[in-house]
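>>> Turn this into a model:
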Amino acid sequence: MLHFLVFVSGWAGTCLILAAFFMSVSGRMKSNSISYLSMNLCGSLGVLANVLYYMAVPAAFLEIVWAAVSLYGIYSYLSASRGSKRTGSHGRNG
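Just a heads-up that it's a prediction; the model follows:
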């Protein structure tokens, strides 16, 4: 059962990352939107579970950095949104 969950997690994560990338490149989603960043974070965590299970250390490193960058982007997005609410200006679209 664990093997199946790891398998599904890896493929679901890969599909999320690729979908976010395609939507960004095609102009359907901004790369600084909360949707894009969240899809990348969830996708990278799904792939990370898979590569850790199979002990693929270089790929695990990539996914850890990918998740960290996504978390930084989400933090920046939320910080900017909070700042714009205080000043009365509009935040980024997400």
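
>>> do you know how far the closest residue to Ser31 other than its chain neighbours is from Phe7?
Nearest-residue entry for Ser31: Ser24, 4.7 Å, with adjacent residues in sequence omitted and distances by C-beta to C-beta, 6 or more residues apart in numbering. The way it works is simple: take the backbone N, C-alpha and C, and place the C-beta from them, glycine included. Applying C-beta to C-beta, to the nearest Å, the value for Ser24 to Phe7 is 27 Å.

>>> What helix or strand is the residue nearest the centre of the chain located in?
Nearest to the mean C-alpha position of the chain, counting by C-alpha atoms, centre = their mean, stands Asn40 at 1.7 Å. Element membership of Asn40 [criterion: DSSP states H and E] is helix 34-53.

>>> Could I get the CA-only coordinates of that helix as PDB?
C-alpha atoms of helix 34-53 as PDB (Å, rounded to 0.1, in the frame of the first residue of the first chain):
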ATOM      1  CA  ILE A  34      -0.700  32.200  -4.800                       C
ATOM      2  CA  SER A  35      -2.300  29.500  -7.100                       C
ATOM      3  CA  TYR A  36       1.000  29.000  -9.000                       C
ATOM      4  CA  LEU A  37       3.100  28.900  -5.900                       C
ATOM      5  CA  SER A  38       0.800  26.600  -4.100                       C
ATOM      6  CA  MET A  39       0.700  24.200  -7.000                       C
ATOM      7  CA  ASN A  40       4.500  24.200  -7.100                       C
ATOM      8  CA  LEU A  41       4.700  23.600  -3.300                       C
ATOM      9  CA  CYS A  42       2.300  20.700  -3.300                       C
ATOM     10  CA  GLY A  43       3.800  19.200  -6.400                       C
ATOM     11  CA  SER A  44       7.300  19.400  -5.100                       C
ATOM     12  CA  LEU A  45       6.200  17.700  -1.800                       C
ATOM     13  CA  GLY A  46       4.600  14.900  -3.800                       C
ATOM     14  CA  VAL A  47       7.700  14.300  -5.900                       C
ATOM     15  CA  LEU A  48       9.800  14.600  -2.700                       C
ATOM     16  CA  ALA A  49       8.000  11.800  -1.100                       C
ATOM     17  CA  ASN A  50       8.600   9.600  -4.100                       C
ATOM     18  CA  VAL A  51      12.300  10.400  -4.500                       C
ATOM     19  CA  LEU A  52      13.000  10.000  -0.800                       C
ATOM     20  CA  TYR A  53      11.300   6.600  -0.900                       C
END
